[in-house]
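S.K.: please find the sequence and the predicted model below.
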Amino acid sequence: MITARAAASFEPVGRSVAAARSFVRDTLQGWGFADIVDDAVVLTSELVTNAVVHAGTAADVLCLRSEDGVRIEVADRYPEREVPLQSAAVNMGSPDREGGRGLQLCAALAGRWGVEYTPTHKQVWFQLDLPQRSVGTRSAGPTLPPDRLPLADGRVRVAVIQIDRGGAITAWNDDADDLFGYPAEQVTGKPLTDFAAWPHTPGTSTGIADALRLSRWEGSYGIRAANGRVIPVYASHLRVRDTSGDPSTVCLLVRDHERAVLQTPTRVTAAPDTGGASETQSTDPFEVFIGSPAPDDLDGLLQRTVERARDMLDGDAAFLLLATDDETELEVRASTGLPSARQRFARVPVEGGSGRYGSARMPAVHDDLTAVSGAVPLLNSTGMRSVVTVPLKVEGRLTGSLGVAAEAPGRYSNEEALRLQFAADRIALAVESARLGELERLRRGSLSFLVEASDLLAGTLDRDQTLALMAQMTVPTLATWCAVYTIADQASDPYLSYVLHEDEELIDGIKSLLSKIPPPDPVPTPGARVWTAPAEVAHQAALRTSMRSLGLGEPATVSSGIGTTLATAQAVGGETVVLPLVARNRVIGMLTLGKPTDDHFRQEILELAEDLSRRAALALDNARLYSERTAISQSLQRSLLPPELPQIDGVEVEVIYRAAGEGNEVGGDFYDVFPIRDGAYGFAIGDVCGTGPNAAAVTGLARHALRLLAREGLSGPAVLQRLNSAILDEGARSRFLTLLYGEMRPQDDGSAELKVVCAGHPLPLRLRQDGSVEAAAEPQPLLGVLEDLELYEQTVTLDPGDVLLCVTDGVTERREGARMLGDDGLADVLTTCTGLTAGAVAARIMRAVERFASDAPSDDMAILAMRVPAPHNA
């Protein structure tokens, strides 16, 4: 039964794909379907791409909610498509082809899917089912001795925070004030997201906005306290409604190490009433070892496994490692009795070698670890003396390793190894199944993450913004901190261009540390490689700082000159990896990702980071090429304009030039004012048809030819006729040119005599002192079209107080919808400029043009104003 629906249509343009993804994501998150959002977004992206990009039609997206899942339909309108016969098989194509992937993804990700045809429409639909969850059960734990109870502070503080439907804080109790340092009046009304430090791994977790909309949620995140530090908390969220029906979320928070106060206990399903029949215990060996029901997530299953293994052999600690896909390394995934947070995701080789206790493929027992230094690196400096380890295997393939350790030597023998191996055999299949499920969710989330990352990177050609996007996409999703190094050319050294940490207060310390460390080598080899220098140098600097504070001096082996803090050392003390940024067969930089002290990266996260680095490198190189092209174009544009205007006695001259667009194209507008001979000056304003190199060539030819020909003593018509011949000689590169050229000579009586030729250009306007405006020339043919060109010059006298205004067509053709400024509109503005200086006239004209329309100008604009000052009254 359909319980809700949402529909939207998208135009056949590239940006519609991202809009469709946002529509589906927002719709499903609003329905509380966060578990299937990533799959739905990936499938919708492919199907909408097929419609708007490949078919070139609009796409209609319909989301239908039911009690057990969601159905999404994507339809396009491609009229030439033939309706296939009913018996024809659907051809999903090859994975390597550009088209056809949408149907392959539907077959791989969706529970059900199909294609429906009509003569005018094609509709692809898919159904995603919600995962089954056990909810609503209650349980009670057994009575435990005091030494087995969870550890908590002497006074447990439970912060109670209420969040309204918009995500803003409406209630904040005293314990919240004590825990985080904010009084209620300081946080009330602000979004919880301003204070939450939310951990996120693509495909494996829920965003905080999603968690606040769910009916219940429980898990860990951080709250940024008033002192700037992030406090790890364990939270339980409950969605409620008031008497008027408005929803809100009640959040209970405790310190993370006190999570037992809020953490939901293991749920045990009550047995059905058997009418007095005797109780029977499960005979399934897996349930006997793990307990029933088993945790439904991988981390919960692994944690339960190590706790049961430790209890079964009466050990002091236990740990479980999972094998990578190629079975060459083991990754620490769960432990108890050990500093698990410090060792999680650490990797060790499977086979024997330096620092390893032989092959993990066979059971092993160590009576005393002190006799074999480094036999089990995970247990170094933990006080454990004896250990037994056994492999986890599925169909003969190594999938992991399970170990139990004790502080006393000689605790374990072959008998304990056999018992542990028996338990490992019972859980290996369940662990591998849960691992594959987590890996599938992670990969689906990674695909969605990369799709959105590609959209963001493709949306800008600004180098600095691209660097910022690279960092913001990796922190905190992939890493705790990151640094981007760039390489200008093959002869340059890597330069530290951007640093980001999830705690902004640590950015300056990390930047200072990295700036004093030699950058990593720009190796083009694909993949992540470990870089130990930041952790080592930070550790040495922190040790030096600590010893100085104790008055013990500086050890000779500790490097000096790096002013870092203990917080910085903690921030970069974990695993750090470097990924090359390779574009067009050249290393253009390096992406450095880091973790805090003793933290490690998951292999899947490193693979995702490698994919991201390839996309980021191409985006960064595109931004570099665009910046270089823009710089060249702007430099060429400047070279086509005069460096400065001459000072003319008795005449004020002002020019305003505005280039349209983003500056990456050389325009065709130009102007010039230059001395010809004693007392005579030439002026010109013109517009070459088009933009780009050909237009720039004609612009340069025109400006320089005008100066040379005018200084040869030729008249205005002769100057333009020779310029016309030179333009036509350019052949295929020639462009027609509109040009207003004139010669000006100030007179002894305070006036100025002008001889002008207007070749196809907007007519110059003369403003008299009485406010009247008139054209100061007649139109004549433009240049670059006719070979035999007959031109003549006209004489204009500017009396004291008169203004001559010359503009390019970018001014008169300024548009707002169907309206255009035009010659009459320009004249109306000019009538208001009586008595103004030439600079004030040009500024008022430009201001009026800009205000005429709300959009940015689409054409270059040049304004040349010349004024003969009126005499001052005594």
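M.R.: Good, I have the coordinates. Since we're looking at a predicted model, the values are computed, not measured.

S.K.: which element is residue 25 on?
M.R.: Take DSSP states H and E as the rule and residue 25 turns out to sit in helix 15-30.

S.K.: tell me how far that helix lies from the chain's centre.
M.R.: 17 Å (CA atoms, centre = their mean, to the nearest Å).

S.K.: likewise stretch 363-379?
M.R.: In terms of CA atoms, centre = their mean, the centre of stretch 363-379 is found 45 Å from the chain centre.

S.K.: ends of that stretch, how far apart?
M.R.: 17 Å (CA to CA, to the nearest Å).

S.K.: could I get the average pLDDT for that stretch?
M.R.: Confidence over stretch 363-379 (mean pLDDT, whole number) is 80.

S.K.: in it, what counts as buried?
M.R.: For stretch 363-379, a neighbour-count test (16 or more other CB atoms under 10 Å) marks 363, 364, 365, 366, 369, 375, 376, 378, 379 as buried. Heads up, the C-betas are built off the backbone N, CA and C, glycines and all.

S.K.: same deal with stretch 437-447?
M.R.: By neighbour count with 16+ other CB under 10 Å, stretch 437-447 contains the buried residues 438, 439, 441, 442, 443, 444, 445, 446, 447.

S.K.: okay if I get those as JSON lines plus distance to residue 772 and pLDDT?
M.R.: As requested, the buried residues of stretch 437-447 are exported to JSON lines (distance: CB to CB, whole Å; pLDDT from 0 to 100):
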{"residue": "438", "distance to residue 772": "83", "pLDDT": "81"}
{"residue": "439", "distance to residue 772": "82", "pLDDT": "81"}
{"residue": "441", "distance to residue 772": "78", "pLDDT": "82"}
{"residue": "442", "distance to residue 772": "77", "pLDDT": "80"}
{"residue": "443", "distance to residue 772": "77", "pLDDT": "80"}
{"residue": "444", "distance to residue 772": "75", "pLDDT": "81"}
{"residue": "445", "distance to residue 772": "72", "pLDDT": "80"}
{"residue": "446", "distance to residue 772": "72", "pLDDT": "81"}
{"residue": "447", "distance to residue 772": "71", "pLDDT": "82"}
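
S.K.: would you turn those into a markdown table with secondary structure and distance to residue 251?
M.R.: Shown next, in a markdown table, are these (DSSP: H, G, I helix; E, B strand; the rest coil; distance: CB to CB, whole Å):
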| residue | secondary structure | distance to residue 251 |
| --- | --- | --- |
| 438 | helix | 27 |
| 439 | helix | 31 |
| 441 | helix | 25 |
| 442 | helix | 27 |
| 443 | helix | 31 |
| 444 | helix | 29 |
| 445 | helix | 25 |
| 446 | helix | 29 |
| 447 | helix | 31 |
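
S.K.: of those, closest to residue 788?
M.R.: residue 447 (67.6 Å; CB to CB).

S.K.: secondary structure element holding the residue nearest to that closest one when sequence neighbours are not counted?
M.R.: Closest residue to residue 447 apart from its sequence neighbours, by CB to CB, 6 or more residues apart in numbering: residue 42 at 5.2 Å. Residue 42 belongs to helix 37-49 when assigned by DSSP H and E.

S.K.: by how many degrees do that helix and helix 15-30 diverge?
M.R.: Counting by axes from the mean of the first three to the mean of the last three CA atoms, to 10 degrees, helix 37-49 lies at 150 degrees to helix 15-30.

S.K.: show me what helix 37-49 packs onto, helices and strands only.
M.R.: helix 15-30, strand 59-66, strand 69-76, helix 101-109, strand 122-129, helix 414-458 (3 or more CB pairs under 8 Å, 6 or more residues apart in numbering; DSSP states H and E).

S.K.: among those, show me which one is buried the most.
M.R.: For the helices and strands packed on helix 37-49, the largest average neighbour count (mean count of other CB atoms under 10 Å) is found in strand 69-76, namely a mean of 21.
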